[in-house]
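> coordinates only, no sequence provided:
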DNA sequence: TATTTTTGTCGAAACGTTTCGACAAACGTA
DNA sequence: TACGTTTGTCGAAACGTTTCGACAAAAATA
């Protein structure tokens, strides 16, 4: 492990010499390309191992004109928010990148993005071969990325025709509301914010679908939504007040995410409304706080690491050979939907007085 | 902004041609090295700007034998914990790295580190010129880093003689306890866990120092500490129970961090002990949740981004010219202590019945 | 058997920078 | 004036890889 101070880094030249072949042959053998006999391949590989040879990325990059890096961009406020959602997505991407022998360069951009000023450095320097964009970002940024001509995959966000990997929000929401319906609830509210966000919109769709599939009318007064803003705990608290004021009061509520669900829970506690006895609450995401709240939160689990993993794999496909790439393109597989899982905890229960 | 599809990337050769100088001269001018006349320097710079020239990192790396990258390593569980402490540290480092035209490669390691198996890829591939290590990590990892011979700076953690950047925990703790003393409290408890952690130990030192400076005896029964474990909210809840059981009950408590402080607050609420009227609570770190808790938490603010910034600057110094480096070394400036700031909110108050 | 195709190996060129050494002009100083 | 030093510029080498084209031996085909 320890390097002798004077020991030069081994190069492919050393390996070639050790294996008694030409440099080019060594390269071929190492990369499994072209015609190399069994015997020499083995000799080269052994020599490489013996010398502890590690190829120098810079040299390869220079000739292949690829950087071996992918960029990962998200909004700073998303990255530093207390629920490490995107941190997990990033780690998933980083993990998968390792399999592809690539590095992930992280860059954050502000919510209010100004193209020239806030552009990620690797974009200006063209130090990446592809880009992952996680979460909602300013349109101006996406325009810039598109203009760069680099392959890009969006994560947890949709825009135009851009390739993306998203949670199956609609199906997830549906499973949540179906769960409530199965518990005998009929008057089920929806709580959410930032309705323009595609993910939020899909979750509302799922809510509506579940209700209509159950033959229930869709009552607009049950849909409590702030059109702008962020679906955070504070918003949940506020909308929780409106929820409790409804007449008659809903017996269950589907919240657009766990943060708002926890906010609604706060408000319920404040007004001494027993959860889940008088009110069932269900969230979405399965954040860390969902397990430790009192009561613990029934929610729809999202596999965050997998989101990053799949996105990177997709991006790798777009970057590698243009053939497969256009294949996928032409077959119209532009988005990948990641299934969710309903996690039943203690914030939901059979409707009071309901007899199965 | 948009690249014409067929347009080759500009090279220094293009710039040289445009400015009518040799490639070597262009390089000199661009990098501000050697002797270049005012006039030609200007011509080269203008040509570069006109052509939108961006040097290709790989080519430079190949000749300088530097990677231009620094590694940032931390434990996965630290990175994904819900308080984005290290995320902020990372962003600070990344920001500063930009000034030095370097990229930061992030790698996480597990708590139980096995050298061969979990080694960050950039360490094996030697794809970094220096390493930042944030937070507590396994000794085996640090040994590996040391053996690699790469310059390293620890952040928020101390080990042996390794250069580090840490919060001035002792002074911060002292300011916290001084604040409580100033409010008339005399019976002040300490709540913490993971006492072997250098930062925790320093905070306890600060606590003791403040008390003895005030002429108060150090009462061991007031020090509630789990020796192992993590100082998290759950731990705070548990130790909170022990705190409230003390006879006579302390009127104030200094918690080793905000997470435990919030846990103590939970317990106080549960037992209907009014905060801050009957019990003053003060934390450390100023996490996001400290502002929104009820009551909001008085705490010691830590400048997380600055921690990363300073660490990277320090590392850059160690990587750049060996002269300055050894200078600092020999002068013994191995650690940098970052000042804290007391943030007074609503969880601390004058001792009941105390008259200034 | 004669010819083409496949297999295996090699030397050399290329990628885009920095830096070394050579050289000459301009500028000091004796 | 003569000579050393500073200033300015340049060509060429070097960094460590991949890949191209040449070549020959072996194998397949006619």
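On my side now, so go ahead. Because the structure is predicted, anything quoted here is derived from the model rather than measured.
> ok, the residue in the stretch 51-200 of chain A that DNA strand D sits nearest to - contacts?
Proximity of the stretch 51-200 of chain A to DNA strand D (CB to the nearest atom of the strand) peaks at residue A:59, 3.3 Å away. For glycine as for every other residue, the C-beta is placed from the backbone atoms N, C-alpha and C. Residue A:59 makes contacts with B:58, B:62, as judged by CB atoms under 8 Å, 6 or more residues apart in numbering or on different chains.
> just checking, next helix/strand downstream of the helix or strand hosting it?
Secondary-structure assignment from DSSP states H and E places residue A:59 in helix A:57-64. Under the assignment DSSP H and E, the closest C-terminal helix or strand after helix A:57-64 is strand A:69-75.
> who does that next one touch, helix- and strand-wise?
helix A:85-99, strand A:103-109, helix A:121-124, strand A:130-134, helix A:304-319 (3 or more CB pairs under 8 Å, 6 or more residues apart in numbering or on different chains; DSSP states H and E).
> deepest-packed of the ones you listed, please.
With neighbours defined by mean count of other CB atoms under 10 Å in any protein chain shown, none of those is more surrounded on average than strand A:130-134, at a mean of 25.
> what sits up against the following helix or strand past that strand?
Past strand A:130-134, further along toward the C-terminus, the next helix or strand under DSSP H and E is helix A:139-148. Residues external to helix A:139-148 that are found in contact with it (CB under 8 Å, 6+ apart): A:73, A:109, A:113-115, A:118-119, A:123, A:126, A:131, A:133, A:152, A:159, A:162, B:1-3.
> name the residues of helix A:139-148 that are buried.
Residues of helix A:139-148 classed as buried by neighbour count (16 or more other CB atoms under 10 Å in any protein chain shown): A:141, A:142, A:144, A:145, A:148.
> between the residues you listed, which sits nearest DNA strand C?
Nearest member of those to DNA strand C, counting by CB to the nearest atom of the strand, is residue A:148, at 17.6 Å.
> low pLDDT regions in the stretch 251-356 of chain A?
The model of the stretch 251-356 of chain A has pLDDT under 70 over residues A:321-333, A:355-356.
> contacts only, for whatever residue of it ends up closest to chain B.
Nearest residue of the stretch 251-356 of chain A to chain B (CB to the nearest CB) works out as residue A:288 at 5.0 Å. Contacts were defined as CB under 8 Å, 6+ apart; by that measure residue A:288 touches A:83, A:84, B:82.
> could I get those in CSV, plus columns for pLDDT, distance to DNA strand D and neighbour count?
What follows is the contacts of residue A:288, written out as CSV (pLDDT from 0 to 100; distance: CB to the nearest atom of the strand, whole Å; neighbours: other CB atoms under 10 Å in any protein chain shown):
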residue, pLDDT, distance to DNA strand D, neighbour count
A:83, 85, 41, 21
A:84, 90, 36, 22
B:82, 82, 42, 20
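> nearest to residue B:29, of these?
Comparing the contacts of residue A:288 against residue B:29 with CB to CB picks out residue A:84 as the nearest, at 46.0 Å.
> please name the nearest non-neighbouring residue to the closest one.
If the residues on either side of it in the chain are set aside, residue A:84 comes closest to residue B:80, at 4.7 Å by CB to CB, 6 or more residues apart in numbering or on different chains.
> near DNA strand D, which residues of chain A show up?
If contacts are counted using CB under 7 Å from any atom of the strand, the residues of chain A sitting beside DNA strand D are A:8-9, A:11-13, A:23-24, A:27-28, A:30-31, A:33, A:53-56, A:59-60, A:62-64.
> wait, residue A:180 sits on residue A:280?
Yes: when contacts are counted by CB atoms under 8 Å, residue A:180 is listed as touching residue A:280 (6.1 Å).
> overlap in contacts, those two.
In terms of CB under 8 Å, 6+ apart, residue A:180 and residue A:280 are both contacted by the residues A:252, A:348.
> got the residues of the stretch 201-350 of chain A near chain B?
Selection of the stretch 201-350 of chain A residues close to chain B by CB under 8 Å from any CB of the partner chain yields A:233, A:234, A:287, A:288, A:289, A:292.
> residue B:208 versus the fourth one, what's the distance?
For residue A:288, the distance to residue B:208 under the criterion CB to CB, to the nearest Å works out to 34 Å.
> try the last one
When CB to CB is applied, the distance between residue A:292 and residue B:208 equals 32 Å.
> please say which of those two ends up with more neighbours.
Under the criterion of other CB atoms under 10 Å in any protein chain shown, the comparison of residue A:292 against residue B:208 puts residue B:208 first, with 18 against 11.
> backbone dihedrals for residue A:167, please?
The phi and psi torsions at residue A:167 (degrees, to the nearest 10) take the values phi -70, psi 150.
> report how many residues lie close to it.
25.
> you'd agree it is up against residue A:335?
No: counting by CB under 8 Å, residue A:335 is not a contact partner of residue A:167; they are 10.9 Å apart.
> now the helices for the stretch 201-350 of chain A?
Ranges of helices within the stretch 201-350 of chain A are A:233-245, A:258-270, A:289-292, A:304-319, A:322-331, based on DSSP state H, counting those that start in this stretch.
> just put those in JSON lines and tack on distance to residue A:176.
What follows is the helices of the stretch 201-350 of chain A, written out as JSON lines (distance: least, CB to CB, whole Å):
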{"stretch": "helix A:233-245", "distance to residue A:176": "16"}
{"stretch": "helix A:258-270", "distance to residue A:176": "10"}
{"stretch": "helix A:289-292", "distance to residue A:176": "13"}
{"stretch": "helix A:304-319", "distance to residue A:176": "18"}
{"stretch": "helix A:322-331", "distance to residue A:176": "31"}
